[in-house]
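Trainee: sequence? don't have it. structure:
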């Protein structure tokens, strides 16, 4: 990508840091230390430490396969994605590709087990994204597993970045392309990384000038990588960035033409530079022919020399692409995400403009079971099935569940549906809250999910957790479409009478009463879990899930009509406040089956103890677990707890929540162990795809006796 002022400044700061004498001012040393990344020397990847995600910075490390060696890379198991991709090709339509370029990459997202920043950057508008590229300026940018897991959950593909730039990049490129054999070898290393870590391909950015003698081997590199990764990773992509030309010149074309088409012909797409002009999209579509969907026109959201100015004008840009191309020539669009920090309402408003221009691109649910607790992957507390287990701030995008399609309707709307981080969540770090005012005779409905689920013959269970204030009533509705395009809807609520009395204002195809389900947690933060069962038919497709809100009827019901509400002030607005904590849809009787504790093998490794200033000690270890029955499916999420046991057996052990594991391993770092503790019991609680968690009493565990001798 062209050199931005920010990139030039970063490089200048590094040069100045290298030139500073050892007696430099403390301020300069502090700034240099702050800019230092965890993987820079003397980083030892083989040493046990809190897991991090990091790039590969030189060809020697790429060729050696050291990143994929468990002996050389302690962090490897934690960097494998736990949610697989769909393996499906991209649909033949307009597409949106988002490129993440955030402060050089590997910030809050570089901790596979999560961090402590409740305001860490995250994406949650996955229904508008086909491809997500994780970008940095290191040689091999490997996407952190949190991005892969969140994107794959929603059906979005994830690419890493292979980049060479500046004079050093030119020398590296010459080394890579020295022979056809070396070009193929490095292509195979990149394919192997994607297959092992679980992401979907590469953005190739050769941003250097080369002698023309290297171009044939460069083409061989692209061709071999594309073929190899297609064989290794179903549905994978290799996308070429518009920088170097087939003549070896570093000359951004800003469109598909004869100077970059030879590379485009060897891979899955072209990412055109973002300084294109008005007619470049149409020219690109004509050159692409029947591959017009594979050209991604770059739009720099930061607004650097991009057509239309970027930022809030991006939606206008997307609209203009329709008119520039004509309706029969759709091509892809890339949103280049730079370092812009926005409040959630501002981000939602911005993405709303994109949705209005481009439409919904991804639908879910597509399969059962379907579960969402609306968790965005960060927050100020953690709850599990209604019980608060931690009041610490946190971030971990791997914890995202299916994200609702909330639309920003402006601050002046009478009723707002929003992601709520302040109220106690049902599960995760947030819930969905609807708050404002509502008229007595009005039923408010907000779409949460745009579905594409083919129903089957049988019964379906719907669970949803709610918390309501005052006279607020809440339910959920399902939109169904038959094979012959006839539509209907089902409203599900506990207070079904309130909704049926308002049929004149909002009528549903059928009404189903939901029953209360007892929660395990005694302190459940006022959450109530409801369950209803409906009959399913293969003739229908579930096309939408909505939250439905109204006020409970407090007046006299008129005997003359089922729909009659005899109140003096039916048009007067009253306060409304309700929260939806989770929704689960599954086939009746198909709850997640958890293997009993005796079928698990747990292991503690790399146990270390250190002294504390007080009488306590600190310990670190790696916990791993596996089933001793081969072939049994493992889980994609585990909650990790520790219980501290004491000599007084009558004393109740203190249980603490440590975090979430998305693989079958968890690293405990500097756990404080008081001197009176005689034993540690680590508990691994599996969480199923339906959102249910194994009972703690039935979970696998690891026992550890503290070291009492001098450390």
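Mentor: Arrived safely. Keep in mind that what you see is a predicted model, and the values were worked out from it rather than measured.
Trainee: any idea which helix or strand carries residue 191?
Mentor: Assigned by DSSP states H and E, residue 191 belongs to helix 180-197.
Trainee: next secondary structure element downstream of that helix?
Mentor: As assigned by DSSP H and E, the chain's next helix or strand after helix 180-197 is strand 201-207.
Trainee: strands paired with that next one, and their directions?
Mentor: strand 157-165 (parallel), strand 237-241 (parallel) (DSSP bridges).
Trainee: quick one, the longest one and helix 180-197 angle?
Mentor: With axes from the mean of the first three to the mean of the last three Cα atoms, to 10 degrees applied, the angle from strand 157-165 to helix 180-197 works out at 140 degrees.
Trainee: what's the following helix or strand after strand 157-165?
Mentor: helix 166-176.
Trainee: tally up the residues packed near residue 41, please.
Mentor: Neighbour count for residue 41, taken as other Cβ atoms under 10 Å: 6. Any C-beta I mention is one placed from the backbone N, CA and C, and that applies to glycine too.
Trainee: actually residue 136, not the one I wrote
Mentor: Neighbours of residue 136 using other Cβ under 10 Å come to 19.
Trainee: swap in residue 401?
Mentor: Per other Cβ under 10 Å, the neighbour tally for residue 401 reads 22.
Trainee: ok, now residue 605?
Mentor: Close neighbours of residue 605, defined as other Cβ under 10 Å, add up to 11.
Trainee: distance of it from residue 623?
Mentor: Distance of residue 605 to residue 623, given as Cβ to Cβ, to the nearest Å: 8 Å.
Trainee: ok, residue 421 next?
Mentor: Taking Cβ to Cβ as the measure, residue 421 falls 29 Å from residue 623.
Trainee: of those two, who's got more company?
Mentor: Legend: neighbour count by other Cβ under 10 Å for residue 421 and residue 623, higher for residue 623 (25 against 18).
Trainee: what comes up buried for the helix holding residue 191?
Mentor: 182-184, 186-187, 189-197 (16 or more other Cβ atoms under 10 Å).
Trainee: quick check: bridge partners of residue 575?
Mentor: Beta-bridge partners for residue 575, by DSSP bridges, are residue 437.
Trainee: residues contacting it?
Mentor: 436-437, 469-470 (Cβ atoms under 8 Å, 6 or more residues apart in numbering).
Trainee: repeat that for 10 Å
Mentor: If a contact means Cβ atoms under 10 Å, 6 or more residues apart in numbering, then residue 575 has 435-438, 469-472, 551 as its contacts.
Trainee: tabulate those residues (a markdown table), appending distance to residue 276, pLDDT and neighbour count.
Mentor: Converted to a markdown table, the contacts of residue 575 look like this (distance: Cβ to Cβ, whole Å; pLDDT from 0 to 100; neighbours: other Cβ atoms under 10 Å):
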| residue | distance to residue 276 | pLDDT | neighbour count |
| --- | --- | --- | --- |
| 435 | 43 | 96 | 18 |
| 436 | 43 | 96 | 15 |
| 437 | 47 | 96 | 13 |
| 438 | 47 | 94 | 22 |
| 469 | 52 | 95 | 12 |
| 470 | 55 | 91 | 12 |
| 471 | 55 | 95 | 17 |
| 472 | 50 | 97 | 22 |
| 551 | 52 | 96 | 24 |
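Trainee: and residue 226, how far from residue 175?
Mentor: Distance from residue 226 to residue 175, counting by Cβ to Cβ: 21 Å.
Trainee: quick one on the thing from earlier: so which of the strands paired with strand 201-207 is the most surrounded?
Mentor: Comparing the strands paired with strand 201-207 by mean neighbour count (mean count of other Cβ atoms under 10 Å), strand 237-241 ranks first with a mean of 27.
Trainee: so how far is stretch 394-411 from its chain's centroid?
Mentor: Centroid displacement of stretch 394-411 relative to its chain, using Cα atoms, centre = their mean, to the nearest Å, is 10 Å.
Trainee: whoops, I mixed them up, stretch 213-230
Mentor: Computed by Cα atoms, centre = their mean, the chain-centroid distance of stretch 213-230 equals 31 Å.
Trainee: ramachandran coordinates for the residue nearest to residue 687 when sequence neighbours are not counted?
Mentor: Distance criterion Cβ to Cβ, 6 or more residues apart in numbering; nearest residue to residue 687, sequence neighbours excluded, is residue 637 at 4.3 Å. Main-chain dihedrals, residue 637, degrees, to the nearest 10: phi -160, psi 140.
Trainee: what of the one 4 residues further on?
Mentor: When read as degrees, to the nearest 10, the backbone of residue 641 gives phi -130, psi 160.
Trainee: can you redo the contacts of residue 575 as a markdown table with distance to residue 575?
Mentor: A markdown table is the format used below for the contacts of residue 575 (distance: Cβ to Cβ, whole Å):
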| residue | distance to residue 575 |
| --- | --- |
| 435 | 8 |
| 436 | 8 |
| 437 | 6 |
| 438 | 8 |
| 469 | 8 |
| 470 | 7 |
| 471 | 8 |
| 472 | 8 |
| 551 | 9 |
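Trainee: out of these, which comes closest to residue 120?
Mentor: residue 435 (25.1 Å; Cβ to Cβ).
Trainee: what helices and strands are in contact with the one helix or strand that closest one maps to?
Mentor: In this structure, residue 435 sits in strand 431-439 according to DSSP H and E. Judged by 3 or more Cβ pairs under 10 Å, 6 or more residues apart in numbering; DSSP states H and E, strand 431-439 is in contact with strand 415-420, strand 444-454, strand 458-468, strand 472-482, strand 540-551, strand 573-587.
Trainee: what strands line up against the third one, and which way round?
Mentor: Put plainly, it is strand 458-468. By DSSP bridges, strand 458-468 pairs with strand 528-536 (antiparallel), strand 573-587 (antiparallel).
Trainee: comparing these, which comes out most buried?
Mentor: Each of the strands paired with strand 458-468 was scored by mean neighbour count; the highest is strand 573-587, a mean of 22, by mean count of other Cβ under 10 Å.
Trainee: next SSE after that strand?
Mentor: Next in sequence after strand 573-587, counting helices and strands by DSSP H and E, comes strand 600-611.
Trainee: how about low-confidence regions in this protein?
Mentor: 1-34, 302-346, 410-412, 504-505, 521-522, 555-571, 708-711 (pLDDT under 70).
Trainee: who touches the residue nearest the centre of it in this structure?
Mentor: With distances taken as Cα atoms, centre = their mean, residue 150 lies nearest the centre of the chain, 2.5 Å away. Residue 150 makes contact with 81, 83, 109, 122-124, 126, 132, 156, 158, 376-377, 396-401, 403 under the criterion Cβ under 10 Å, 6+ apart.
Trainee: I am finished for the moment; much appreciated.
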